[in-house]
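Asker: here is a sequence with its predicted model. Questions after.
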2 protein chains.
Amino acid sequence: MKAEIINIGDELLIGQVVNTNASWMAEQLTLTGFPVIRVTVISDTRDQILDALKEAEQRSDIVLISGGIGPTNDDITKQTLCEYFNTSLVFDEDAYRDIELFFALRGMKVTPLNRQQAELPAACLSLPNKLGTARGMWFEKRDPSGRKVVFVSMPGVPFEMKELMVKEVIPRLKNHFNPPFLYHKTLLTQGIGESFLAEQIARWEENLPENIRLAYLPQPGLVRLRLSGSGDNETTVRRQVTTAAEELQSLIPDYLFGQDDDTLEAIIGRLLTQKGQTLATAESCTGGYIAHLITSVPGSSNYFKGSIVAYANDIKENLLFVSPETILKKGAVSEETVLEMAVAVQTQLATDYAIATTGIAGPDGGTALKPVGTVWIGIATPGEVFARQYLFGDNRERNIRKTALQALNLLRKSLL
Amino acid sequence: MKAEIINIGDELLIGQVVNTNASWMAEQLTLTGFPVIRVTVISDTRDQILDALKEAEQRSDIVLISGGIGPTNDDITKQTLCEYFNTSLVFDEDAYRDIELFFALRGMKVTPLNRQQAELPAACLSLPNKLGTARGMWFEKRDPSGRKVVFVSMPGVPFEMKELMVKEVIPRLKNHFNPPFLYHKTLLTQGIGESFLAEQIARWEENLPENIRLAYLPQPGLVRLRLSGSGDNETTVRRQVTTAAEELQSLIPDYLFGQDDDTLEAIIGRLLTQKGQTLATAESCTGGYIAHLITSVPGSSNYFKGSIVAYANDIKENLLFVSPETILKKGAVSEETVLEMAVAVQTQLATDYAIATTGIAGPDGGTALKPVGTVWIGIATPGEVFARQYLFGDNRERNIRKTALQALNLLRKSLL
């Protein structure tokens, strides 16, 4: 079963908007067992839409279309779909009731433009969209050889498209095409590069069952490892993937921190909440980025008390009581400084745990002994304080990000 | 002159990587005067590449291709290009010297895999790539009607592709097709939504010369306004766009903060550096995000001394000396609290300027009188301290972002 994606929208063709819909839709299709063979981006003109539909029909069994059906621009797309599927628009009472409800919930009346959105092609199965007024449209068509092709048109607004995909389109595609069962588990690692990781787990990877595949998905500061198992017996596949994940966990316990959509900041939040304990940060080279990550989690005010961002050395001395002698003799980027920072912020903000960072993010400030990318991280816990040194790269943005993730992972291990 | 883009790569079809190359290339082509009519993403297989090239040739005058030519995967793409353009690979001495130099600069020897990269199609003009080992390849081909179509193949690594586009491809396309002169200026606004902005400048927009167009490009917390002028006389077009930009500046001085690729944090950095003055922040609802934005600018340690992130009320009292009475009577989210925070951080960190924030980012913590999205921002300058109240929306992430940008813009105005 081959799938392809057509994204309609001038904003994509002038480069104003990055096509995140395509990658999200492609990932969903791939994870469900429908390989994507092409993505096509076009403008919402009749000829371009007809050409793209015709070409896709020849290649694929599933054609997902996003965009071109908002309240101000759905004339062309809907009319063109009618032309292609040899049908015409009819007023859909169900769709209109949903549109009325959508506006009523927002204290508004339906405009004539929105009323038009209840006019849908007679030949389609219309799919409800709770988050907007443009419905999904499911069409089935036989190509000249008699092969059935499914086309689904969805709005281009990302959260509406995603809701429709998850609630309606993917379940219906599964039902319709009955692909082999697929089960995925993504394991999140921090603190190790892709090639080093590959070396450490090479033997295990070689011995994976044939129906289990491993994908390396690097992101800034992280590598995600996705295990995908396929087969006819759901229970067996789930068990195989779970076993493989457990083996992996035991091979790289220092780097593996979570699963699927989890984040280090959310994991730390849960651990602190469970323990009823609190956290503060003292940040130099990360400049508040760790505090920002932590406070991006809703409810973080329950365990995060605050931060002292000590960017200048006199702030390290005045607010974090780092001794001028330490800075003079050892430097602001040193084990001694970061330990003093961690203890001071833990004491002053009266928290159970504290993170401290000091380093040379770049591009300037490096020396022969302490090049750009040199970073010290300190962790204070209720029972101890310790520091670790790292040497990251020469990119300021990535150094800040890597330091923050490394610090959060060190804290996570201390919390366990 | 119509253009289109072909991106080759399985990582795009499984949704692992978002296709940022396509939007960047599309923007460059659009800004140069070549409208993009289609983007196609395919796998690096012979049949898919041949099909995509053939289809593109029928529609477009310019076909830009990225991906499929790294050291480990360029066999298929290069061979297929040879097949399509009816040519064969020859060893290119110039290309090989560049590859040798590339490795020598990194203290490495050329591997056989990289040596192969010097084998290039005889029919192409090869374009040097200083940042990598895969060259650009420029082909010209006449379609059956005799129309000449230009194809350019580039590596998929974003920074290599961008360098090739800017240094080689765009200048050569301009030379080859001689499009009308286009001149763009992007003006950056903060603190006003797209529809309100449109209302305020409607009359001015109506009276723009016919060869000047305005595009609204909204981003989280900002709206960018892009003026594009076209014409044969470069001097006239530049003058028209500059005049229009000046008129716009005078219409919305409160919202307009910069041009083109500038950012509020960089502008503030320049203003503080010019004045030789310093800055600190006291952050509650923004949780360190303002400090993070400021310190993401290289060299910010010259003017940014630090921040006190006072997430918990007792930190506001203990480190920022907000009086318990103020918090009790007026609340932590109040004008009085934010003013005390701004003055305290300015005093304690001994800076010329200070920013303070307190608010309800959400999703929890809202009340009838202070709903989620309520924010107070305080600014302390060498001569005064003032506060402004805002009501943003119900999205935590956007509330944090909007508060930070609004605070930076208030500070910018104070610095002028």
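Answerer: Noted; the coordinates are in hand.

Asker: and the residue nearest to A:Arg38 when sequence neighbours are not counted, what pLDDT?
Answerer: Spatial nearest neighbour of A:Arg38, chain neighbours left out: A:Glu4 (4.4 Å); criterion: CB to CB, 6 or more residues apart in numbering or on different chains. Yep, even glycine has a C-beta here, placed from its N, CA and C like the rest. If you check A:Glu4, the pLDDT there is 98.

Asker: mind telling me what element A:Glu4 is part of?
Answerer: Using DSSP states H and E, A:Glu4 sits within strand A:3-8.

Asker: can you name the residue of the stretch 101-250 of chain A nearest to chain B?
Answerer: A:Leu217 (5.6 Å; CB to the nearest CB).

Asker: can you list the domains in chain A?
Answerer: A:3-177, A:181-259, A:264-415 (automatic domain parsing).

Asker: contacting residues around the residue nearest to A:Arg38?
Answerer: Residues near A:Glu4 by CB atoms under 8 Å, 6 or more residues apart in numbering or on different chains: A:36-40, A:56, A:59-60, A:62-64.

Asker: which other helices and strands contact the helix or strand bottoming out on mean pLDDT in chain A?
Answerer: Least confident helix or strand, chain A: helix A:112-115 with a mean of 83, by mean pLDDT, DSSP states H and E. Counting contacts by 3 or more CB pairs under 8 Å, 6 or more residues apart in numbering or on different chains; DSSP states H and E, helix A:112-115 packs against helix A:93-105.

Asker: contacts for the helix it packs on?
Answerer: A:109-110, A:114-115, A:117-118, A:120, A:126, A:128-130, A:132-133, A:135.

Asker: ok, now how distant is A:Tyr390 from chain B?
Answerer: Note on A:Tyr390: its distance to chain B, by CB to the nearest CB, to the nearest Å, is 18 Å.

Asker: skipping its backbone neighbours, what lies nearest that residue in space?
Answerer: In space, A:Tyr390 is closest to A:Val375, 4.7 Å off (CB to CB, 6+ apart).

Asker: backbone torsions only: list them for that neighbour.
Answerer: phi -140, psi 140 (degrees, to the nearest 10).

Asker: and it, bridged to which residues?
Answerer: Beta bridges link A:Val375 to A:Gly359, A:Tyr390 when assigned by DSSP bridges.

Asker: list the contacts of it.
Answerer: Neighbours of A:Val375 in contact, by CB under 8 Å, 6+ apart: A:285, A:333, A:357-360, A:389-392, A:399, A:403, A:406.

Asker: out of these, which comes closest to A:Thr278?
Answerer: Nearest to A:Thr278 among the contacts of A:Val375: A:Thr357, at 18.6 Å, using CB to CB.

Asker: mind checking the SS state of that closest one?
Answerer: strand (DSSP: H, G, I helix; E, B strand; the rest coil).

Asker: is it in contact with A:Gly288, as I believe?
Answerer: No - here A:Thr357 lies out of contact with A:Gly288, judged by CB atoms under 8 Å, at a distance of 10.4 Å.

Asker: let me see the ranges of the helices in the stretch 301-416 of chain A.
Answerer: A:313-320, A:324-330, A:335-348, A:396-415 (DSSP state H, counting those that start in this stretch).
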